[in-house]
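# Okay, here's the prediction I keep looking at, along with the sequence it came from:
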Amino acid sequence: MTVKAKQKNVWLVCGDDAALVQAKKKELIRRYFKGNPPDPTVFDGTGSFAEYRSALEGQSLFSSDTAVVIQNPFFLKRALKKDDEKPCAAFFAGLRELVPDIFLVITLDGKPDKRTKAVKGLLDFASLIECDYLKAEDGAQHMEEYLYDRGKRLLPDARAYLEDVLSQWSEISAPFLETECDKIILVCGDEANVTKALLEDSLTDYMDQGIFSFFDRLLARDAKAVREAAPRVFTDQAAILKNVGFLAAQFRRIKMLKEMDRARTRPAEKSALLGMRSAWQMKRLAAQARQVTEKEAEDFLLALFEWQYEQRLGGGSGELEDVLLRFCLHRRTGVMQ
């Protein structure tokens, strides 16, 4: 996460980690109003410059404090039309002069295009928080520090277990890890030490056996087990994003390993390029790779990316389960359509 502070009461919070964006938005409002924030006026992908100004100028009958949230505004999602350039400049000029009891947070899913006139103009005075996913190799450290700050000590074997679990991810949401830590703290109770056994019990359903065992069934082409488990693994939008990301990361690693095997890359270099920290991780990946050909891995990744693209465009007609089941049937038919 990157923070660049400028004007105290105008913030742009953006990035790929949508959960962290929302968490930081709420935290900024709470902190600015010292724990007693007004109910914010929220524009969720809607509104005009005139409507934004009206919300910022409007005050409660009972308090002069005003909070406004503009989520995914049109002027940051695309280049400004010529007719919008003057209203945008006037809106930004007004934001520069906001009185201290008015607070504005603008949020954006993804990274802003810093080449556009609107983004350049806003970042000239607004404070910025960029919310990126954590790298997999930083996940265990983040959890260890979060637990330590709350009086819990992660034992060495528990730390190694976390590294193994999190190494399966290409990127991780910090709020997701912190939610898991809160669960661990509840399970610990008065016990200060976090053991590997405790992690295995408390993380089993969500972080380990859920998606890990699902991945094993997928590699085994167990269509019946995949069909039965899919509703439990892909329960909601957050779980879909997380677990589809996991599958994509695993198949990318398998493809990379096969490419390096073909190029006769040295074992130490393989481990470094794949982000593997232990011989056990490499051994497990090699066993998984033996169940899939390089072409099958490529075909699955392509099918998964096409499905993701359709979802971003508005849903499409394909179901994620169809992509998974086609992979299970691929070896039998030889074609993944």
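Right, received. Where do you want to start?
# Now the nearest residue to T293 once chain neighbours are set aside: which helix or strand?
Leaving out its chain neighbours, the residue that sits closest to T293 by C-beta to C-beta, 6 or more residues apart in numbering is K258, at 8.0 Å. No exception for glycine: its C-beta is placed from N, CA and C like everyone else's. If you go by DSSP states H and E, K258 is part of helix 237-262.
# List the buried residues of that helix.
Buried residues in helix 237-262, counted by 16 or more other C-beta atoms under 10 Å: 241-251, 253-258, 260.
# Find the nearest non-adjacent residue to P73, please.
I106 (6.3 Å).
# for that neighbour, what are its contacts?
10-13, 69-71, 73, 76, 122, 126 (C-beta atoms under 8 Å, 6 or more residues apart in numbering).
# For it, which residues count as its bridge partners?
On the basis of DSSP bridges, I106 is bridged to L12, I70.
# what about it, distance to R115?
Distance, I106 to R115, by C-beta to C-beta, to the nearest Å: 18 Å.
# Please identify which of the contacts of I106 is nearest to R221.
When the contacts of I106 are compared for distance to R221 (C-beta to C-beta), Q71 wins out at 42.1 Å.
# do you know how far the closest one is from D113?
Counting by C-beta to C-beta - Q71 and D113 are separated by 17 Å.
# Give me the more crowded residue out of the two.
Just comparing Q71 and D113: by other C-beta atoms under 10 Å the higher neighbour count belongs to Q71, 19 against 13.
# List the contacts of that one.
Contacts of Q71 by C-beta under 8 Å, 6+ apart are 42-45, 106-108.
# Please repeat the previous calculation with a cut-off of 6 Å.
By C-beta atoms under 6 Å, 6 or more residues apart in numbering, the contact list for Q71 reads 44, 107.
# do the same with the one 5 residues further on
By C-beta under 6 Å, 6+ apart, the contact set of L76 is 108, 112.
# please redo it, this time with the cut-off set to 7 Å
108, 112, 118-119 (C-beta atoms under 7 Å, 6 or more residues apart in numbering).
# repeat for A229
By C-beta under 7 Å, 6+ apart, the neighbours of A229 are 214, 217.
# domain parsing for the chain?
For the chain, automatic domain parsing gives the domain ranges 2-130, 134-202, 207-333.
# Could you pull out the strands in this protein for me?
Assignment of strands within the chain using DSSP state E yields the ranges 2-4, 7-15, 41-44, 66-71, 102-109, 126-130, 134-135, 153-154, 171-172, 193-194.
# Quick one: the ones you listed as a markdown table, columns for mean pLDDT and distance to R217 too.
What follows is the strands of the chain, written out as a markdown table (pLDDT from 0 to 100; distance: least, C-beta to C-beta, whole Å):
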| stretch | mean pLDDT | distance to R217 |
| --- | --- | --- |
| strand 2-4 | 87 | 39 |
| strand 7-15 | 95 | 33 |
| strand 41-44 | 93 | 38 |
| strand 66-71 | 94 | 38 |
| strand 102-109 | 94 | 32 |
| strand 126-130 | 95 | 37 |
| strand 134-135 | 84 | 28 |
| strand 153-154 | 95 | 30 |
| strand 171-172 | 78 | 23 |
| strand 193-194 | 96 | 29 |
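# need those strands in JSON lines with distance to F305, can you?
Converted to JSON lines, the strands of the chain look like this (distance: least, C-beta to C-beta, whole Å):
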{"stretch": "strand 2-4", "distance to F305": "28"}
{"stretch": "strand 7-15", "distance to F305": "21"}
{"stretch": "strand 41-44", "distance to F305": "28"}
{"stretch": "strand 66-71", "distance to F305": "27"}
{"stretch": "strand 102-109", "distance to F305": "19"}
{"stretch": "strand 126-130", "distance to F305": "25"}
{"stretch": "strand 134-135", "distance to F305": "21"}
{"stretch": "strand 153-154", "distance to F305": "36"}
{"stretch": "strand 171-172", "distance to F305": "16"}
{"stretch": "strand 193-194", "distance to F305": "37"}
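# I211: which of these is closest?
Nearest to I211, of the strands of the chain and by C-beta to C-beta, is strand 171-172 at 12.7 Å.
# Quick one: residues in contact with the closest one.
Against strand 171-172 from outside (C-beta under 7 Å, 6+ apart): 133-136, 139, 166, 245.
# Could you tell me which of the residues you listed count as buried?
Here, 16+ other C-beta under 10 Å leaves 133-134, 136, 139, 166, 245 buried among the contacts of strand 171-172.
# where's the dip in pLDDT among these?
pLDDT across the buried ones among the contacts of strand 171-172 is lowest for A136, at 75.
# C181 versus that one, what's the distance?
17 Å.
# and what of A50?
44 Å.
# How far off centre is the lowest-mean-pLDDT helix or strand in the chain?
Of the helices and strands making up the chain, the lowest-confidence element is strand 171-172, at a mean of 78, by mean pLDDT, DSSP states H and E. Per C-alpha atoms, centre = their mean, to the nearest Å, the displacement of strand 171-172 from the mean C-alpha position of its chain is 6 Å.
# Quick check: L320 touching V233?
No - between L320 and V233 there is no contact under C-beta atoms under 7 Å: 10.0 Å.
# And those two? Which one has more around it.
Neighbours were counted for L320 and for V233 using other C-beta under 10 Å; V233 has more, 22 against 18.
# Just give the nearest non-adjacent residue to the more buried one, would you?
F214 (4.9 Å).
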